[in-house]
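Participant: Okay, structure incoming, though there's no sequence with it:
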């Protein structure tokens with residue numbers, strides 16, 4: 001009976017020591033993307049914990065009335081459009097006919113046609129697009145513009161990409 005009691009007490013003591021050691025030496029793992037700086041200044045090292053999806057570093061928003069995209073000076077739509085999302089996309093215009101979004105990382109414009117007939121609504125968006133940027137049609141052709149439509153609007157045009165119709169296919 002004494003051997004069993006000694007074994008039980010020894011087990012409890014070892015368990016308490018293990019739990020105490022865990023809390024003494026356990027450090028919470030850093031959150032993904034956290035910057036870790038070592039506490040010793042003489043050997044300070046900075047390391048970044050990698051994440052599965054890195055957030056892009058976004059350039060500061062332009063503050064002037066115009067700015068340049070791919071060599072074309074455009075009206076600063078950041079002043080009148082929506083606030084950019086986490087990946088730098090800004091909604092420039094939304095009507096019942098179309099949605100125009102600028103993707104800063106790719107320096108391109110996406111025009112999504114939201115009504116049928118597709119080609120008639122595409123013409124309306126193409127007509128309005130240069131005016132939203134304060135540029136002539138010829139300058140709009142120098143920008144990267146992709147025109148699409150979602151499946152629920154027009155299943156026949158879903159997945160197809162078009163350029164501005166008034167631009168030549170050089």
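Facilitator: Looks like it arrived, so ask away. Remember, predicted model here, so these are calculated numbers, not experimental data. Numbering: from 1, shown residues only.
Participant: just the helices in the protein please.
Facilitator: For the chain, the helices defined by DSSP state H cover 2-25, 118-133, 137-140.
Participant: Distance from the chain centre to the shortest one, please.
Facilitator: Averaging C-alpha coordinates over helix 137-140 and over its chain gives two centres that are 27 Å apart (C-alpha atoms, centre = their mean, to the nearest Å).
Participant: One more: stretch 115-129?
Facilitator: Centroid separation for stretch 115-129 versus its chain: 27 Å, with C-alpha atoms, centre = their mean.
Participant: buried set for it?
Facilitator: Residues 118, 121, 122, 125, 126, 128, 129 are the ones in stretch 115-129 that count as buried (16 or more other C-beta atoms under 10 Å). Backbone N, C-alpha and C define where each C-beta goes, glycine included.
Participant: before we move on, the earlier item: next, format the helices of the chain as CSV and append mean pLDDT.
Facilitator: CSV is the format used below for these (pLDDT from 0 to 100):
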stretch, mean pLDDT
helix 2-25, 82
helix 118-133, 94
helix 137-140, 92
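Participant: any low-confidence regions in the chain?
Facilitator: Along the chain, segments meeting pLDDT under 70 span 1, 26-59, 63, 81, 169-170.
Participant: What about residue 17, how many residues nearby?
Facilitator: Residue neighbour count, defined by other C-beta atoms under 10 Å, stands at 10 for residue 17.
Participant: ditto for residue 110
Facilitator: Other residues within reach of residue 110, judged by other C-beta under 10 Å, total 18.
Participant: so what's the residue nearest to it when sequence neighbours are not counted up against?
Facilitator: Leaving aside its chain neighbours, residue 110 sits nearest to residue 101 (4.8 Å; criterion: C-beta to C-beta, 6 or more residues apart in numbering). Listed by C-beta atoms under 8 Å, 6 or more residues apart in numbering, the contact set of residue 101 reads 89, 90, 91, 92, 109, 110, 112.
Participant: No further queries at this time; thank you.
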